[in-house]
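In: Need a 3D model of the sequence below.
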Amino acid sequence: MFRRLCCLHSTPTPSLTFSSNKKPLVLLGAPQVSAIVLDALLNASSSPDSSFQVAAIVTQPAARRDRGKKLMPSPLASYALDRGFSSDLIFTPERAGEDAFLSNLKALQPELCVTAAYGNILPTKFLDIPALGTVNIHPSLLPLYRGAAPVQRALQDGVKETGVSLAFTVRELDAGPIIASETVEVDDQIKAPNLLELLFYKGSELLIRELPSIFDGSASVNAQPQDHSKATLAPKISQDESWLVFDQEASVLHNKVRAFSGWPGTRAKVQVVEKNGEQKTLDMKIITTRVRSHESIPSNEADDIAFVEGALVFPCGKGTNLEVLELQLPGKKVVTAAAFWNGLRGQKLKKL
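Out: Next comes the predicted model:
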């Protein structure tokens, strides 16, 4: 059923004004990174010489979030309302193919649609509506890492560089012609949420720079078809993938911690050996790690977890070691490895 987002803000904000002389553009997105794109579009459209205006927002329906489980709009919708967007122009269909939604979208006569982490499949009857097509900001160097989790999968693979692509949307997943792309170097400590944010900032700049060529039609003519033979996939991450297996090399585990930071996180089970010999299993979330450059650690047994220079040192595959710098126990706050170690009060720690 077609729904529009009701304004949940108690403080009134001024309504946006639209000009019949400017080309209507519609933005589709949902998470906080989508708001980065909206901010760039609204700022650019406010310029006196701008040829376009953001005519509508399409986002996910309101959902229950946080501990209170209150019904909340998506981060993109919330930001749009803060910027003065009318709730009547924020559409929240369950699916992008709903007839009532498509009828309302068609009535806006959009010249262009832009997707930025929207998360819904766009059917042909949607793609046929905007006169100039739909373009997508995708946080990878297409055709690499097509799919739902390009940043996470790239970090998991330990890439040294990635980037962002601006491409026309076709029915096949992330397979449309590329308008432009930009490469970004990847620091070996950067985590997925930070890299994702950086790539959408870069993608917003790329979009604003290329909008004139999209509007005059030259982008469509000059867009480069992807080499489908070089395509790789970035499937959605499942919570079952979050466990760390310490017979893998430390670098593999470190990359996984960076990739899964935010959601679903990475978890490990360890064994606490009390002074009287009793044992208990502890489930912990691993927050921050690094690969230990020194090969050996002071340990009596292969499974012992040592504490060295402020880090818990886990023995890993092929003689490597992973340093855990921050961790979190169930229901507790994130703590440093030193604080956790001090809390053990002399108990030993072993990996499982």
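In: low-scoring stretches of this structure, by residue?
Out: For the chain, residues meeting the criterion pLDDT under 70 lie at 1-20, 66-68, 295-301.
In: hey, which helix is longest across it?
Out: helix 192-215 (DSSP state H).
In: for the next helix or strand after that one, packing partners?
Out: Moving toward the C-terminus from helix 192-215, the next helix or strand (DSSP states H and E) is helix 218-222. Judged by 3 or more Cβ pairs under 8 Å, 6 or more residues apart in numbering; DSSP states H and E, the packing partners of helix 218-222 are helix 192-215. C-beta: built from backbone N, CA, C; applies to glycine.
In: buried residues in the helix it packs on?
Out: 192, 195-196, 198-204, 206-208, 210-211, 213-215 (16 or more other Cβ atoms under 10 Å).
In: that older thread, tell me how far the longest helix of the chain lies from the chain's centre.
Out: The chain centroid and the centroid of helix 192-215 are separated by 14 Å, computed with Cα atoms, centre = their mean, to the nearest Å.
In: C-alpha coordinates for that helix, CSV please?
Out: In CSV, the C-alpha atoms belonging to helix 192-215 read as follows (Å, rounded to 0.1, in the frame of the first residue of the first chain):
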residue,chain,number,x,y,z
ALA,A,192,33.8,0.0,7.1
PRO,A,193,31.5,2.8,8.4
ASN,A,194,34.3,5.4,7.9
LEU,A,195,35.2,4.2,4.5
LEU,A,196,31.6,4.1,3.4
GLU,A,197,31.1,7.7,4.5
LEU,A,198,34.2,8.8,2.7
LEU,A,199,33.2,7.1,-0.5
PHE,A,200,29.7,8.7,-0.5
TYR,A,201,31.3,12.1,0.1
LYS,A,202,33.5,11.4,-3.0
GLY,A,203,30.4,10.1,-4.8
SER,A,204,28.4,13.2,-4.1
GLU,A,205,31.2,15.4,-5.5
LEU,A,206,31.4,13.1,-8.6
LEU,A,207,27.6,13.4,-9.1
ILE,A,208,27.5,17.2,-8.8
ARG,A,209,30.5,17.5,-11.2
GLU,A,210,28.8,15.2,-13.8
LEU,A,211,25.2,16.5,-13.5
PRO,A,212,25.7,19.0,-16.4
SER,A,213,26.8,16.3,-18.8
ILE,A,214,23.9,14.0,-17.6
PHE,A,215,21.4,16.8,-18.2
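In: which helices and strands sit right next to it?
Out: helix 32-45, strand 112-116, strand 134-138, helix 150-156, strand 161-168, strand 178-185, helix 218-222.
In: Please put the alpha-carbon coordinates of the strand ranked longest in the chain into PDB.
Out: Longest among the strand segments of the chain by residue count, using DSSP state E, is strand 279-291. The C-alpha coordinates for strand 279-291 follow below in PDB (Å, rounded to 0.1, in the frame of the first residue of the first chain):
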ATOM      1  CA  GLN A 279      36.900 -22.900  33.400                       C
ATOM      2  CA  LYS A 280      34.100 -20.800  31.900                       C
ATOM      3  CA  THR A 281      33.400 -19.700  28.300                       C
ATOM      4  CA  LEU A 282      33.200 -16.000  27.500                       C
ATOM      5  CA  ASP A 283      31.600 -14.500  24.400                       C
ATOM      6  CA  MET A 284      33.200 -11.200  23.400                       C
ATOM      7  CA  LYS A 285      32.800  -8.700  20.500                       C
ATOM      8  CA  ILE A 286      36.100  -7.700  19.000                       C
ATOM      9  CA  ILE A 287      36.100  -4.000  18.200                       C
ATOM     10  CA  THR A 288      39.600  -2.900  17.200                       C
ATOM     11  CA  THR A 289      42.600  -5.000  16.200                       C
ATOM     12  CA  ARG A 290      46.000  -4.900  14.400                       C
ATOM     13  CA  VAL A 291      48.400  -7.500  13.100                       C
END
